[in-house]
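Trainee: Take a look and give me a structure for this.
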Amino acid sequence: MKLLITSNIPEKIYDELNKNFEITYHDSNVPLKKEEIIEKIKGQDALLCPLSDKIDKDVIDAGDCLKIIANYGAGFDNIDISYAREKGIVVSNAPAPASAIHTNRFCITICKNT
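Mentor: Below you'll find the predicted structure:
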């Protein structure tokens, strides 16, 4: 299973995710441009992104294998949730590090069952 992480995350969470995913990791707090996310999301099963990333129709359509989008932070204002649902993509969030580990397990379950 392939996971795109678009921003720097705590090492502990990265290590946990790395046990179950082939990760493409943007290890920086400098946000990716929309075009960069569109290029990197191709072939990915899951996306873990911060609230600063705008995940709109164009990004979702580029995620040809996408099954889940998980925000690293509280809220979903940055994601076109309606469009994601139309495409059968689950949207989740992980507002705290402990939640991120639970989201990891949720991602694995979703990816394995679709």
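Trainee: Check which helix or strand residue 61 maps to.
Mentor: Using DSSP states H and E, residue 61 sits in helix 57-62.
Trainee: Would you mind pulling the contact partners of that helix?
Mentor: Surrounding helix 57-62, the residues in contact under the criterion C-beta atoms under 8 Å, 6 or more residues apart in numbering are 34, 37-39, 41-42, 66, 69, 80, 83-84, 87, 89. Where you see a C-beta, it was placed from the backbone N, CA and C, and this is true even at glycine.
Trainee: quick one: which of these is nearest residue 28?
Mentor: Ranked by distance to residue 28 (C-beta to C-beta), those are led by residue 37 at 13.1 Å.
Trainee: And the host helix or strand of the closest one, what's buried?
Mentor: According to DSSP H and E, residue 37 maps onto helix 34-41. Buried residues in helix 34-41, defined by neighbour count with 16 or more other C-beta atoms under 10 Å: 37, 38, 40, 41.
Trainee: Return the list of helices and strands in contact with it.
Mentor: Secondary-structure packing of helix 34-41 (3 or more C-beta pairs under 8 Å, 6 or more residues apart in numbering; DSSP states H and E): strand 2-5, helix 57-62.
Trainee: mean pLDDT lowest for which of the ones you listed?
Mentor: For the helices and strands packed on helix 34-41, mean pLDDT drops lowest on strand 2-5, to a mean of 94.
Trainee: quick one: strands adjacent to it?
Mentor: Strand 2-5 pairs in its sheet with strand 22-25 (parallel), strand 46-49 (parallel), by DSSP bridges.
Trainee: Dump that strand to CSV, keeping only the CA atoms.
Mentor: The C-alpha trace of strand 2-5 is given here as CSV (Å, rounded to 0.1, in the frame of the first residue of the first chain):
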residue,chain,number,x,y,z
LYS,A,2,1.3,3.4,-0.9
LEU,A,3,1.0,6.6,1.2
LEU,A,4,1.8,10.2,0.3
ILE,A,5,2.7,12.4,3.3
